[in-house]
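Undergrad: Structural data only, the sequence is not supplied:
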Ligand SMILES: N[C@@H]1[C@@H](O)[C@H](O)[C@@H](COP(=O)(O)O)O[C@@H]1O
């Protein structure tokens, strides 16, 4: 894992956006894995800015989102379908037919999960996956104890995730769906690059355990220790529990210019 600590969440998001932009410039048909939540918002704003001001072209890009709540219509303000269109897709001219988001209203969830996996495979796999992290260490909605070989499937949210996400539902926990569809950890691990963003003190423990703790299904993001190309973009607060934070800064400052894509 490469740990990149920036002074602010905005600076970390802009650095992550540069990695995405470089990929899209080098491979205009790139397959991007996308995440929701508050964490990637600034990254998406930066991609929109690059599209508008620097002609970053997403017209041939294909996207796959990590997850979706079960039971929310696409028009629901808290559906990830709605989130992605509001915060990214409506502003960067990705072709609608190239956008993939798990269908939380599918009549046959198992069949739609299997079809989603097939679509990822048919697209040639994911080049770059953006991840956030839950305060319990989840990636996508792969809650603690999720199998490291899991594929896209239905999951039940933990009580902690329901509490964490209630803020998006006006604080009403009972309105947060209990179930979701999420790409599996096996799916995420097959992405050729993983960029995990984490900001704020609320994420500090999960980040420290994921980077410096044991690889364990109890801390799903720790699986990235086994990924050949995983970069973590942190602000100071999210990095505050890392024992080797100074070492990561030291390494980053000495990174050869030709390797410096963030
Ligand atoms: N399913 C999403 C995750 O993909 C996200 O990374 C995480 C953190 O959310 P936030 O970025 O708002 O802290 O929780 C949500 O439940």
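TA: Sure thing, it's come through. As the structure is a computational prediction, the values presented were derived from the model and not from experiment.

Undergrad: And stretch 172-188, what's buried?
TA: Neighbour counts over stretch 172-188 (16 or more other C-beta atoms under 10 Å) mark 176-177, 180-188 as buried. C-beta: built from backbone N, CA, C; applies to glycine.

Undergrad: Could you pull up the mean pLDDT of it?
TA: For stretch 172-188, mean pLDDT is 97.

Undergrad: Kindly state the beta-bridge partners for the spatially most central residue of the chain.
TA: In the chain, the residue lying closest to the centroid (C-alpha atoms, centre = their mean) is residue 131, at 2.0 Å. Applying DSSP bridges to residue 131 yields these beta-bridge partners: residue 196.

Undergrad: and the protein, which of its residues are near the ligand?
TA: Contact residues, the chain versus the ligand (C-beta under 6 Å from any ligand atom): 35-39, 66-67, 132-134, 140-141, 161, 165.

Undergrad: For residue 109, state which of the buried residues of stretch 172-188 is nearest.
TA: Checking the buried residues of stretch 172-188 against residue 109 by C-beta to C-beta gives residue 181 as the nearest, at 6.6 Å.

Undergrad: Correct me if wrong, but that closest one is in a strand.
TA: Yes. Residue 181: assigned to a strand according to DSSP: H, G, I helix; E, B strand; the rest coil.

Undergrad: quick one: the closest residue in space to residue 212 that isn't next to it in sequence from the ligand, how far?
TA: Using C-beta to C-beta, 6 or more residues apart in numbering and skipping the chain neighbours, the partner closest in space to residue 212 is residue 243 (5.8 Å). Distance of residue 243 to the ligand, computed by C-beta to the nearest ligand atom, to the nearest Å: 23 Å.

Undergrad: wouldn't the residue nearest to the centre of the chain be in contact with residue 193 here?
TA: No. Using C-beta atoms under 8 Å, residue 131 is not in contact with residue 193, being 10.7 Å away.

Undergrad: Now do the contacts for the spatially closest residue to residue 40 that is not a sequence neighbour.
TA: Excluding its sequence neighbours, the residue lying closest to residue 40 (C-beta to C-beta, 6+ apart) is residue 130, at 5.7 Å. Residue 130 sits next to 16, 20, 32-35, 40, 43, 195, 197 when contact means C-beta atoms under 8 Å, 6 or more residues apart in numbering.

Undergrad: in the lowest-mean-pLDDT helix or strand in the chain, what counts as buried?
TA: Lowest mean confidence among the helices and strands of the chain (mean pLDDT, DSSP states H and E): helix 159-165, at a mean of 93. Across helix 159-165, burial judged by 16+ other C-beta under 10 Å covers 161-162, 164-165.

Undergrad: can you give me the helices in the stretch 151-262 of the chain?
TA: In the stretch 151-262 of the chain, the segments counted as helices under DSSP state H, counting those that start in this stretch are 159-165, 185-189, 204-212, 245-253.

Undergrad: Export these as TSV, with columns for distance to residue 2.
TA: Output for these, formatted as TSV (distance: least, C-beta to C-beta, whole Å):
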stretch	distance to residue 2
helix 159-165	27
helix 185-189	16
helix 204-212	10
helix 245-253	8
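
Undergrad: which residues does residue 76 contact?
TA: Counting by C-beta under 8 Å, 6+ apart, residue 76 touches residue 82.

Undergrad: Please, which helix or strand holds it?
TA: Per DSSP states H and E, residue 76 falls between elements, in no helix or strand.

Undergrad: Check the spacing between it and the ligand real quick.
TA: Counting by C-beta to the nearest ligand atom, the separation of residue 76 from the ligand is 15 Å.

Undergrad: Read off the pLDDT value for that residue.
TA: Model confidence at residue 76, given as pLDDT, is 96.

Undergrad: again, but for residue 262
TA: Residue 262 carries a pLDDT value of 59.
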